[in-house]
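Trainee: Provided below for reference: sequence and predicted model.
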Amino acid sequence: MTNGSWLRDWQREARERYHSRNGGENGSFLVVATPGAGKTTFALTIAQDLIKRGIITNIVVVVPTKHLRRQWAEAGMRANIGIKLDHVFVNKNGAVGSDFDGVVVTYQAIASAPLLWQRLCTSKRTLVVFDEIHHAGDGEDLVWGDALKDSFEAATRRLLLSGTPFRTDGKPIPFVAYDEQRRAAPGFAYDYGMALTDGGVVRPAVFPAWDGESQWRRSGQMAVTKIALSDTDKGTVPPALKAALDPEGDWIPSVLQEAHEALMHMRIDTADAGGLVVASDQFAATAYARILERISGVPVPVAISDEPSASDIIKSFDKSSAPWIVAVQMIAEGVDIPRLGVGVYASRVRTKMFFTQVVGRFVRMRGEEDLTTARVFIPSIQPLLTFAQDIEKTVEAVLAEEEKQVREQQGSDTDGSGDSLFPAYETVSSSVATHHATIASGSAFTTEQLQFAGRTMELSGPVPASVTREYVAGLLSAAGALHANSVPQQQAAEPEAEPLGDQKKRLRKLIHRKVARLAVLTNEPHMKINADLNYRLGDTVTVATLTSLEKRLRVVSNAVKEATKK
């Protein structure tokens, strides 16, 4: 087994556990890792290990969409792995070209010819990788589960992957072990909070939530129902959301306009930052693309999973600097474009698993120096607001613990107490801007609370135009104005001595996050803030000494404090 120096820490740990358990019970091993963490690289490394050990001679990767076939084949060809996968496999007798190590196929293809794959697994020692295995339990696709069992029960090893924890409310998925609550029991789990803590794996995300009035009429009736998205319940959400997402209405065009402005601001620092709109169907996707073309003045591609050209469209967008792409929800899970930074959730699907998978398209980092905070625009409805708040609380808890540990290790107050690094929710109407609520550090502040705080601030003098609702909510949170939903900090472990390189890495990461916070408060690009710091301190963060980094952190922290007072 190679040393895997290119692997992330979690991948190395999962790799060791996999081999220590000989591939899991009955040759099946489930890995649940947050989107963007690197499940594909992990799985291909395991395949490489098993080939070198002589345990397997063939690989079958099963994926939910056609686009993922090419993505896996391209990943296998990377220098560190060198596994050749046939992503256009069409041989009806199961024969694979001798210059390939295996094939990539879709769940649908398995269901249409299970006996072919059964013969393949019995004729060769085969590793089967099930990408996003939870798809085998999708409602109308339950037939996939039966086909998987018939096709791959004889496989030598089975590696199951998922981007989010899942459960079964019906027929269990083959090869998946479940606990007493019918939740999938992974052999290894790596969640979003763990990835945030590690740094350089995923970026934080914020969720501007938009309200607006929806109107609809029941079939055969004259009466028109009018309701704000934020006032909907289980019975009214479906028609209200459908009306809001109608491209002929006013709501979705106004959200796309705001999302485009957010993307343009992000591109000040990250010139090729891109945006993705996740639509419910092909008709809506095409209409959204036309709206974005009018807003941006440039062509907007549309990727639809059932079309053969979808993979080429996504690949072309990934390599370009074009601002926008629109995709039908079926393909959202397979979109792997690290430059995505702004998203619009324009799907009618309201499950936590799908929402998490969509958010996963925007949190993949491009290295530890990536300062981007992803922005995903969502309708102001439940349960999407709850899903988003759960993610935001994870970010706050991780960063609070991280900053506390740095302060303790440095033995000084290098951070502003109660700082909320990221704004979370802003709900406005598609016609007249109306604020519904803002979430900061896990607490919800109503419009009335924020207006009262703003009037109080005015008593001390004029309030700058740059002061935003996020800023006011941050002040209230810092002052302990509302503790109902505050996120408790974990008890910090006794600090241990660590190498100088690790100390500097930890400081650089915290400085980057503080710069991101300052950029939010001042509406200044990260690039300008960093340039000012370099000029003032006489060095750059990459070459600075530990003492200089400590001084830089104090300067940035003080700047954040001053910005919150203005």
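Mentor: Cool, got the structure.
Trainee: give me the spatial nearest neighbour of the residue nearest to the spatial centre of the chain, chain neighbours excluded.
Mentor: Centroid-nearest residue in the chain: residue 360, 2.1 Å away (criterion: Cα atoms, centre = their mean). Setting aside the residues directly before and after it, residue 360 is nearest to residue 35 in space (Cβ to Cβ, 6 or more residues apart in numbering), at 2.2 Å. (C-beta placed from N, C-alpha, C; glycine too.)
Trainee: you'd agree that neighbour is up against residue 354?
Mentor: No - look at residue 35 against residue 354 with Cβ atoms under 8 Å: they stay out of range, at 11.6 Å.
Trainee: if you count what's nearby, which of these two comes out ahead?
Mentor: residue 35 (23 against 18; other Cβ atoms under 10 Å).
Trainee: so what touches stretch 168-186?
Mentor: 25-26, 28, 30-32, 130, 133-134, 136-137, 142, 145-146, 148-149, 152-153, 158, 160, 162, 165-167 (Cβ atoms under 8 Å, 6 or more residues apart in numbering).
Trainee: now which of those would you call buried?
Mentor: 28, 30-32, 130, 133-134, 136-137, 145, 148, 152, 158, 160, 162, 165-166 (16 or more other Cβ atoms under 10 Å).
Trainee: so of those residues, which ones are in helices?
Mentor: Using DSSP state H, the subset of the buried ones among the contacts of stretch 168-186 located in helices is 145, 148, 152.
Trainee: got a pLDDT number for the residue nearest to the second one when sequence neighbours are not counted?
Mentor: Across the structure, with Cβ to Cβ, 6+ apart as the measure, the residue nearest residue 148 apart from its sequence neighbours is residue 174 (5.1 Å). You'll see residue 174 listed with a pLDDT of 90.
Trainee: got the phi/psi numbers for residue 174?
Mentor: Main-chain dihedrals, residue 174, degrees, to the nearest 10: phi -60, psi 140.
Trainee: give me the number of residues near it?
Mentor: When neighbours are counted by other Cβ under 10 Å, residue 174 comes out with 22.
Trainee: tell me how far it lies from residue 159.
Mentor: Counting by Cβ to Cβ, to the nearest Å, the separation of residue 174 from residue 159 is 14 Å.
Trainee: ok, back up a step: tell me the one among the ones in helices among the buried ones among the contacts of stretch 168-186 nearest to residue 98.
Mentor: Nearest to residue 98 among those: residue 152, at 22.3 Å, using Cβ to Cβ.
Trainee: who's in contact with the nearest residue to residue 107 once chain neighbours are set aside?
Mentor: For residue 107, ignoring the flanking residues on the chain, the nearest one in space by Cβ to Cβ, 6+ apart is residue 144 at 4.7 Å. Contacts for residue 144 (Cβ under 8 Å, 6+ apart) come out as 107, 108, 110, 111, 135, 136, 138.
Trainee: helix/strand/coil for the second one?
Mentor: Three states are possible here, and by DSSP: H, G, I helix; E, B strand; the rest coil the one that applies to residue 108 is helix.
Trainee: give me the neighbour count for it.
Mentor: By the criterion of other Cβ under 10 Å, residue 108 has 15 neighbours.
Trainee: distance of it from residue 395?
Mentor: Taking Cβ to Cβ as the measure, residue 108 and residue 395 are separated by 36 Å.
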